[in-house]
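[1] sequence plus the predicted model coming up.
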Amino acid sequence: MTDSANWDWDSGAKQIPITPWRERFRWVEEPNASPDGERVGAVVNLDEGEFAICINGETGDQVFDKAWHLRFTPSGKWYALVSEMAEWTVVVDGQTWAQNFGYVWNPLTCVSGDHLAVAVQQEMQYGMALDGVLWETTYANATYFALSADGQVTAAAVQVAACDSAEVHKFQEGTFSAAIAGNAWENRFVNVWQPVLSADGSRLAAEVRLNLYDYTIAVDGSPWPQTFTSVWEPSFHPSSGAVVAPVRIKGKWGMAQDGDLIWQPDFVQVWRQVFRPDGGKLAAVVAPKYGRWTLAVDGRAWGTLFRDMVTDVVWSPNGDRLAALGKNGASWHIIVDDKIWQRPFAMAWTPVFSPAGDHVAAKVEIDGHYSIAVDGRLWSGRCEAAWNPVFSPAGDKLLVKTIEEGIYHRRVLPLTEFAD
Amino acid sequence: MAKAPAKTEPSQALDQGLAVGVARLTPEKIESTIRTVLKSETGARLSTYVETCIHCGLCAEACHYYLSHDNDPHYAPVGKVKQTLWEMIKQKGRVTPEFIEKAAIIAHTECNLCKRCAQYCPFGIDIAYLMLVVRRIIHKLGCTPLYIQDTAHSHSVTMNQMWVKGDEWPDTLQWQEEEAQAEFEDLRIPLDVEGAEIMYSVIAPEPKFQAQLIYQAAAIFHAAGVSWTMPSELGWDNSDMAMFTGDNEIMGRIKRAHYDAAIRLKVKRIVMGECGHAFRSVYDVGNRWLGWEMPPIPIVHAIDFYYELLKEGRIKITKKYPTPITLHDPCNVVRGGGLHEKARYVAHTLCESVVEMTPNREHNYCCAAGGGAINCGPPYKQTRISGNRIKAEQLFAAKTRGAQVLIAPCHNCHSGLHDIVHHYGVGLDIKFFGDLIYELMEKPA
């Protein structure tokens, strides 16, 4: 988890003008703010085929033929995917990885932000690089890239047997596997999707298709003995190591743990499951009936139903509360513990709990502007851009990062600012 | 209607996918598969259709294959059902491997699932659904034609239909962005912009073979000042051949990837390029298989989007296209989406002269490429062409009334009509609406 205790939590505001950047550069791409809000940056174009990273108005000396995907790690380092002389690599806080590649994409950061991985194409072979180091073994194709929560281990679905286009029967014999740190499982499958690493990176689970019709979950290369007509991405229990995944049986969805049903297949859909931090409960998005969506906890659906979708499921740190986003038509809603906030939004981002779980905040869009809502109350700020808010360790203040009238603002606001 | 005799001639097609699949069949596997699909995957809908059809044959005149084959009843929609599903039901699944091979060819290559016949059936029986049941059985028996099966495999691995690899997609977008910046200095193809109003999605042939279409779309978005983005990762391809092979599970998977990309990017709506079958998948079929009554993020076909841009004056036309055009109504966005009048608004706004084909709008003839037929590949190209002489006649009639350019706002239609136009020597240039808008619009300095 990001340690925010050392951030500046003194109430007040800091400002960084963005508008002058637009006068200095040919164009400025979408700004991004660091988690602690102290830095804001953007990819900027200097001239034809010349790009730089502008952080708090400074570009440094590095100029690239192309740069994209500027983001900050949870620990506050900025990184971007950059190209020079038709080769690609990653730049992290101004330090370019030593090795160049044919192409890099799909960057992943770990929870602490200390490690960064990317998908790599090198000489038309595919794999991953972790902190600049490419897998020793690369493959004819790789998809669905993963990084362990501790940032030590990478994984992906990989093609382990040659198979030309239109060799359909060879494909159906199984040409894919999953690779952990570049080392593929011995077992081959028709398809491998969504490899998921345990938190410590020691185990790997993935959706697999055994033939054109039978789906299951493979854990460390071994498929569950039970098969299903479809499955979705698995999750590791945070302490027991058990693996759960939504499974489809006779046209309905349930939840299986290590192959055995723990939720009966009574749902039209089940996906996006999330364990409570202590692993004591399991929540997931479900459709208890066709075209109606809600959350279920341990297989019991909430009463509040949405027509379009439910997404962004979040447990409070102490596991007492559960929040998500729901959508009806053009209206996005924040739902906490089966109760909808009264005010709908044009868009809403992942809800954020205070450390004690007693408050919920979210970035929202309303009336063409971005703002922040806390416990259903809307902040008065009307912003051109905003980032997810962060609660102070004591939970009494909120870090709000926005752009208003061309100026980036870092504000630490007491929660009393959000009172009605 | 006249009773259709059993069709005895052997298949002319050389399809290894089908041949190998058929060679592996046993009577027991065929029977159990058909029975299982009919029992566990069909219900009141199939029963109602089977029990309601009075074999009147009114659907026959609706089918371009029937009309193009001089009213041969084998090609009548009801004749195709008779040669496939009815026999499977009647025989309780006890049919031969040779029957399955014939059924696969009929269901995959002699029916485009265009649904024109549903309009002519006095009871509204959706024969396309019946053909999809046949395709589902064929899928379960492992006898899907090779080329489209390979496309379904591509979908399953890459979530796109042309084996476009993870790097090739963003690399192509960046290449097109750079190309376009020679014309529009600050044009961008914005990747992964969270909170953009629109996610633009395309089908895989665009990055694979027709990257200029992405360039053109970017130019149109740029000129209109639209807030838009494209995902750099999975979910960018809206196409779906698994829907047509009966591999519903892969269909659901690729539709989820598409909508998940839009949900991740927090866009208000998805605008899709000029593709018909993809519209059917994202708007009607794939979303519903997943449990969404309607698309969870509104989906806007390019015709609809161009209509909006022109109607609201967000793009301005410098001059009208002087060459007379005729407009093809793609089945999936016209019969399936009701966009025919908006297509005409776009056509008339862009062009000085629009020569209507007859019949048109929801009664228009299919291109014979749709429903996955063109994706069954070269072995069946002639089936498509000979099965759509009526379209060539329709096009020629439009040409005799002055049309020189054919607008086909759908990728499969575009390709299928290309084959028709060339084979029959119709002599029409074929364009997308995007081609015309890019050519005619007021371009920002």
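    Cool, got the structure.

[2] how is chain A partitioned into domains?
    Following automatic domain parsing, one gets these domains for chain A: A:1-100, A:306-420.

[3] could you dump the ones you listed to TSV with distance to residue A:212, mean pLDDT and mean neighbour count?
    From N, CA and C alone the C-beta is placed, and that goes for glycine too. Shown next, in TSV, are the domains of chain A (distance: least, CB to CB, whole Å; pLDDT from 0 to 100; neighbours: other CB atoms under 10 Å in any protein chain shown):
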stretch	distance to residue A:212	mean pLDDT	mean neighbour count
domain A:1-100	36	96	17
domain A:306-420	29	97	19
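
[4] would you reformat those domains as JSON lines and include distance to chain B?
    Output for those, formatted as JSON lines (distance: least, CB to the nearest CB, whole Å):
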{"stretch": "domain A:1-100", "distance to chain B": "5"}
{"stretch": "domain A:306-420", "distance to chain B": "4"}
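
[5] residue B:276 is nearest to which of those domains?
    domain A:306-420 (24.3 Å; CB to CB).

[6] related to what we said a few turns ago, just send the domains of chain A back as CSV, with distance to residue B:275 too.
    Formatted as CSV, these follow (distance: least, CB to CB, whole Å):
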stretch, distance to residue B:275
domain A:1-100, 27
domain A:306-420, 23
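
[7] just want the most central residue of the chain.
    Let's take chain A. residue A:108 (8.6 Å; CA atoms, centre = their mean).

[8] you looked at the wrong chain, it should be chain B
    residue B:277 (2.7 Å).

[9] that one reaches residue B:373, doesn't it?
    No - the criterion here is CB atoms under 8 Å, and residue B:277 misses it with residue B:373 at 10.4 Å.

[10] so where do the helices sit in the stretch 1-150 of chain B?
    Ranges of helices in the stretch 1-150 of chain B, per DSSP state H, counting those that start in this stretch, are B:16-23, B:27-40, B:44-52, B:64-68, B:77-83, B:85-90, B:97-109, B:116-120, B:127-140, B:146-158.

[11] ok, residue A:343 - contacts?
    Going by CB atoms under 8 Å, 6 or more residues apart in numbering or on different chains, residue A:343 touches A:366, A:373, A:376, A:378.

[12] let's go with 10 Å and repeat that
    By CB atoms under 10 Å, 6 or more residues apart in numbering or on different chains, residue A:343 lies in contact with A:331, A:333, A:334, A:364, A:366, A:373, A:376, A:377, A:378.

[13] burial count for the residue in chain B positioned nearest to chain A?
    For chain B, the residue closest to chain A is residue B:293, as judged by CB to the nearest CB, at 3.0 Å. Using other CB atoms under 10 Å in any protein chain shown, residue B:293 has 14 other residues around it.

[14] so what's it closest to, chain neighbours aside?
    The shortest distance from residue B:293 to any non-neighbouring residue, by CB to CB, 6 or more residues apart in numbering or on different chains, is to residue A:291 (3.0 Å).

[15] just residue A:16 next, same as before
    residue A:408 (4.2 Å).

[16] so that neighbour lies in a helix, does it not?
    No - secondary structure of residue A:408 (DSSP: H, G, I helix; E, B strand; the rest coil): strand, not part of a helix.

[17] what helix or strand does residue A:412 sit in?
    For residue A:412, the element it lies in under DSSP states H and E is strand A:407-414.

[18] so which elements touch that strand?
    Applying 3 or more CB pairs under 10 Å, 6 or more residues apart in numbering or on different chains; DSSP states H and E, we find strand A:407-414 packed against strand A:12-17, helix A:19-24, strand A:32-33, strand A:40-47, strand A:369-374, strand A:397-404.

[19] rerun that using 7 Å as the cut-off
    Using 3 or more CB pairs under 7 Å, 6 or more residues apart in numbering or on different chains; DSSP states H and E, the elements in contact with strand A:407-414 are strand A:12-17, strand A:397-404.

[20] rewinding a little: can I get the helices of the stretch 1-150 of chain B in CSV including distance to residue A:25, mean pLDDT and mean neighbour count?
    Compiled in CSV, the helices of the stretch 1-150 of chain B are given as follows (distance: least, CB to CB, whole Å; pLDDT from 0 to 100; neighbours: other CB under 10 Å):
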stretch, distance to residue A:25, mean pLDDT, mean neighbour count
helix B:16-23, 54, 94, 18
helix B:27-40, 60, 98, 16
helix B:44-52, 59, 95, 13
helix B:64-68, 56, 98, 23
helix B:77-83, 61, 97, 26
helix B:85-90, 63, 97, 18
helix B:97-109, 54, 98, 23
helix B:116-120, 55, 97, 19
helix B:127-140, 53, 98, 24
helix B:146-158, 36, 98, 25
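
[21] for residue B:297, which of those helices is the nearest?
    Smallest distance to residue B:297 across these (CB to CB): 20.2 Å, for helix B:146-158.

[22] contact partners for residue A:152?
    Neighbouring residues of residue A:152 by CB atoms under 7 Å, 6 or more residues apart in numbering or on different chains: residue A:201.

[23] returning to what we had before: for the residue nearest to the centre of chain A, which non-adjacent residue is spatially closest?
    Spatial nearest neighbour of residue A:108, excluding adjacent residues (CB to CB, 6+ apart): residue A:147 at 4.0 Å.
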